[in-house]
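*Asks:* starting from these lines, generate the structure:
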Amino acid sequence: QVQLVESGGGLVQAGGSLRLSCAASGRTFSNYAMGWFRQAPGKEREFVAAISWSGGRTYYADSVKGRFTISRANAKNTVYLQMNSLKPEDTAVYYCAKRSTGGSSWLSSSEYDYWGQGTQVTVSS
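*Replies:* Have a look, this model is predicted:
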């Protein structure tokens, strides 16, 4: 079992920044890749970013590339999502997730087997 707890969401004005954190427990954190997804009201959950177990590889949705940065601190069992230049369209519930071992896709939510409860990010215009 893996437990994931997100934090750091909130209300911010357009152009502002937030840093989300996801604390993991239950298994050896450094053994698995992690991802961030988001879901806006009335929309499907979408991929935001992912990072390999070592942090050596990162992946981003085109909509956040250049504005968001995913990172991890294996010694702290934590993955982060630094969000800069936020836009109203970034408003959503943000979820962190553990990628399944041997998964073939980084972008599909079906390749992730454990999820946090989500944290709300609201960007005002």
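
*Asks:* so what's Trp115 up against?
*Replies:* Applying C-beta atoms under 8 Å, 6 or more residues apart in numbering, we find Trp115 in contact with Leu4, Tyr95, Cys96, Ala97, Lys98. (Each C-beta comes from the backbone N, C-alpha and C, glycine too.)

*Asks:* so it versus Asp90, what's the distance?
*Replies:* Taking C-beta to C-beta, to the nearest Å as the measure, Trp115 and Asp90 are separated by 20 Å.

*Asks:* strands of the chain, start to end?
*Replies:* Assigned strands in the chain, in chain order: 3-7, 10-13, 18-25, 34-39, 46-51, 58-60, 68-73, 78-83, 92-99, 112-115, 119-124 (criterion: DSSP state E).

*Asks:* name the nearest residue to the spatially most central residue of the chain, ignoring sequence neighbours.
*Replies:* By C-alpha atoms, centre = their mean, the chain has its centre lying nearest to Trp36, at 2.1 Å. Distance criterion C-beta to C-beta, 6 or more residues apart in numbering; nearest residue to Trp36, sequence neighbours excluded, is Val48 at 4.3 Å.

*Asks:* per-residue confidence at the one you found?
*Replies:* Model confidence at Val48, expressed as pLDDT, equals 98.

*Asks:* ditto for the one 5 residues further on
*Replies:* Trp53 carries a pLDDT value of 92.

*Asks:* and what of Thr28?
*Replies:* Here the pLDDT value assigned to Thr28 is 85.

*Asks:* mind starting the numbering at 676 from now?
*Replies:* Sure, I'll start counting at 676 from here, so that last one is Thr703.

*Asks:* would you list the phi and psi of it?
*Replies:* phi -70, psi 110 (degrees, to the nearest 10).

*Asks:* one step back: next one: the residue nearest to Trp711 from Val754, what distance?
*Replies:* Val723 is 12 Å from Val754, by C-beta to C-beta.

*Asks:* and if you look at Arg720?
*Replies:* Arg720 is 17 Å from Val754, by C-beta to C-beta.

*Asks:* quick one, which of these two is more surrounded?
*Replies:* Using other C-beta atoms under 10 Å, the more surrounded residue of Arg720 and Val754 is Val754, with 29 against 16.
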